[in-house]
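**Student:** kindly generate the corresponding structure for this input.
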Amino acid sequence: MSTLSIAIGATSLSLILAFVWMFSLSIRKKRLEQERIAREAAYRRTIEKARQQERKDRIFKAETGHTPTMLFLAKEAERKNIQEALYWYQKAAQLDNITGMYGMVRLSESKREDMVLREQANYWRLCIAGAEGDLHAKFEAAKALVHGRGVECNIPKGIAVIEEVAQEGNLEAMLFMGDWSVSPDNPLPSPKQSTRWFMQGAEKQNMEAMTKLGLNYLKGVGVEQSTERGCYWLERASEKGSVEAMFFAGEAWRDTAPNGAAIAYIWLFMSAHLGYEPAKAVRDSVGSTLGVDSVVGLQSLAKPVLKKLQLSSMVKHSLIKALNKLYKRQLPLFELEDKLKEENESLTDSARITADESPMNDTQDIQTQVTPDEDFPSNSMEPNFSGSYSGYQQSYVK
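**Tutor:** Predicted structure coming up:
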């Protein structure tokens, strides 16, 4: 019995020890599992923190003007947050990045029901075309920037772009700059710049530029007031078919002696006949001072001219010369005179440069001198024009 008891006791002890060992193993396993889970959680927190820090760094980098980072953030946000993607594409586009512009157009067009986004798409589409060399699109995009259509209003940047387009020869931009230079919205108006832009447009044979240049001369905006030059440019625009120029030319001539009323009636009659409503009342007012016979005669003179204007077959300066001859007025052809003057000045300068740069032979002590007066006409050869325009009342722009 004692042996059996010892065996049972030993077996029981072994079982107890095995249970304790297995229990300790279970506890250890659980502890290791908890440690593994804690390590994984800590790793995930570290990774997430690193990601957050990386995103903050990217945002900071993008906000400080790094375009590739802007595009990365925009592309990343397209999957989750369209508004955020639009924000970053817009930031890139505002730095003249083409990819950013295309991104704005693509995302804005995806929400056609949103009018604001549609305007943004139109604006950036113009910017893309402008960046590819379309001056008209570049001008329209700059105007949208000035007026805040489809983009946040930025007048200084818009005006700078329009001036750049004007300097590249775009007529629309020249006319805009001419108007902007004397606009009440311009914080730094420059009447001289206004006349300069209109002059450039007139040199390109644009009738609106000619009309506005003529009005600047009549009112003395940015130039010395000159009724002669004002009437000349208005009549040049009228020859090209501008009904507004005809009206203003009539207004300029109506109170001029001795034949101003007759000349005014011709211009006002043609302007009214071609549909310019303000000219009708002034035409009738001028006609009432002339008499029925004179009015009928002037209308008979104007009708053939109207046919030529409607057929766009009017020869340059032909109508001005005809009125000069018919009414014995002396309105100079300033465009030709100014061009001739510039050519003479250019030739004189070239001759002077040639004289200054001509080689000197020291051994023979010979000097070669060019005398401009012997090669070019003197001032006495310039035609002497005069005219009587004192009756016309001018309004000046200060």
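**Student:** which element is the residue positioned nearest the centre of the chain on?
**Tutor:** With distances taken as C-alpha atoms, centre = their mean, Ile162 lies nearest the centre of the chain, 2.4 Å away. Taking DSSP states H and E as the criterion, Ile162 maps to helix 155-167.
**Student:** that helix - what's its average pLDDT?
**Tutor:** What helix 155-167 shows for mean pLDDT is 95.
**Student:** tell me the buried residues in the helix or strand just after that helix?
**Tutor:** With elements assigned by DSSP H and E, the helix or strand that comes after helix 155-167 is helix 171-180. Residues 171-178, 180 are the ones in helix 171-180 that count as buried (16 or more other C-beta atoms under 10 Å). Backbone N, C-alpha and C define where each C-beta goes, glycine included.
**Student:** what do you get for stretch 111-127?
**Tutor:** So, applying 16+ other C-beta under 10 Å, buried residues of stretch 111-127: 117, 119-127.
**Student:** and of those, the nearest to Val315?
**Tutor:** Distance to Val315 across those (C-beta to C-beta) is lowest for Leu126, with 38.8 Å.
**Student:** contacts only, for His136.
**Tutor:** 170, 172 (C-beta atoms under 8 Å, 6 or more residues apart in numbering).
**Student:** quick one: it is in a strand?
**Tutor:** No: read with DSSP: H, G, I helix; E, B strand; the rest coil, His136 is helix and lies in no strand.
**Student:** per-residue pLDDT, it?
**Tutor:** 95.
**Student:** i'd like the first residue to be 32 from this point on
**Tutor:** Okay, residue one is now 32; in that scheme the one you just asked about reads as His167.
**Student:** from Leu332, how far out is it?
**Tutor:** 40 Å (C-beta to C-beta, to the nearest Å).
**Student:** now the helix holding Ile193: how far from the chain's centre is it?
**Tutor:** 5 Å (C-alpha atoms, centre = their mean, to the nearest Å).
**Student:** which SS state does Asn217 fall under?
**Tutor:** Asn217 ends up coil, using three-state DSSP.
**Student:** which residues of the stretch 282-429 of the chain fall in helices?
**Tutor:** Using DSSP state H, counting those that start in this stretch, the helices of the stretch 282-429 of the chain run over residues 291-304, 309-318, 323-341, 349-357, 365-388, 403-406.
**Student:** meant to ask about the stretch 82-231 of the chain, not that
**Tutor:** Counting by DSSP H, counting those that start in this stretch, the helices of the stretch 82-231 of the chain are 98-108, 113-124, 129-140, 146-162, 166-178, 186-198, 202-211, 222-234.
**Student:** closest to Thr320 out of these?
**Tutor:** helix 222-234 (32.0 Å).
**Student:** any chance of the buried residues of stretch 142-158 in JSON lines, plus pLDDT and distance to Val252?
**Tutor:** Below are the buried residues of stretch 142-158 laid out as JSON lines (pLDDT from 0 to 100; distance: C-beta to C-beta, whole Å):
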{"residue": "Leu148", "pLDDT": "88", "distance to Val252": "42"}
{"residue": "Glu150", "pLDDT": "90", "distance to Val252": "35"}
{"residue": "Gln151", "pLDDT": "90", "distance to Val252": "38"}
{"residue": "Ala152", "pLDDT": "91", "distance to Val252": "39"}
{"residue": "Asn153", "pLDDT": "93", "distance to Val252": "35"}
{"residue": "Tyr154", "pLDDT": "93", "distance to Val252": "33"}
{"residue": "Trp155", "pLDDT": "94", "distance to Val252": "37"}
{"residue": "Arg156", "pLDDT": "94", "distance to Val252": "37"}
{"residue": "Leu157", "pLDDT": "95", "distance to Val252": "31"}
{"residue": "Cys158", "pLDDT": "94", "distance to Val252": "33"}
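**Student:** ranking the helices of the stretch 282-429 of the chain by mean pLDDT, which is last?
**Tutor:** Across the helices of the stretch 282-429 of the chain, the lowest-scoring stretch is helix 403-406, with a mean of 35.
**Student:** quick one, what contacts the residue nearest to the residue nearest to the centre of the chain when sequence neighbours are not counted?
**Tutor:** Excluding the flanking residues, the one nearest Ile193 by C-beta to C-beta, 6 or more residues apart in numbering is Ala173, at 4.5 Å. Contacts for Ala173 were tallied using C-beta under 8 Å, 6+ apart; they are 189-190, 192-193, 196, 204.
**Student:** you'd agree Ser273 is up against Lys243?
**Tutor:** No: using C-beta atoms under 8 Å, Ser273 is not in contact with Lys243; the gap is 10.3 Å.
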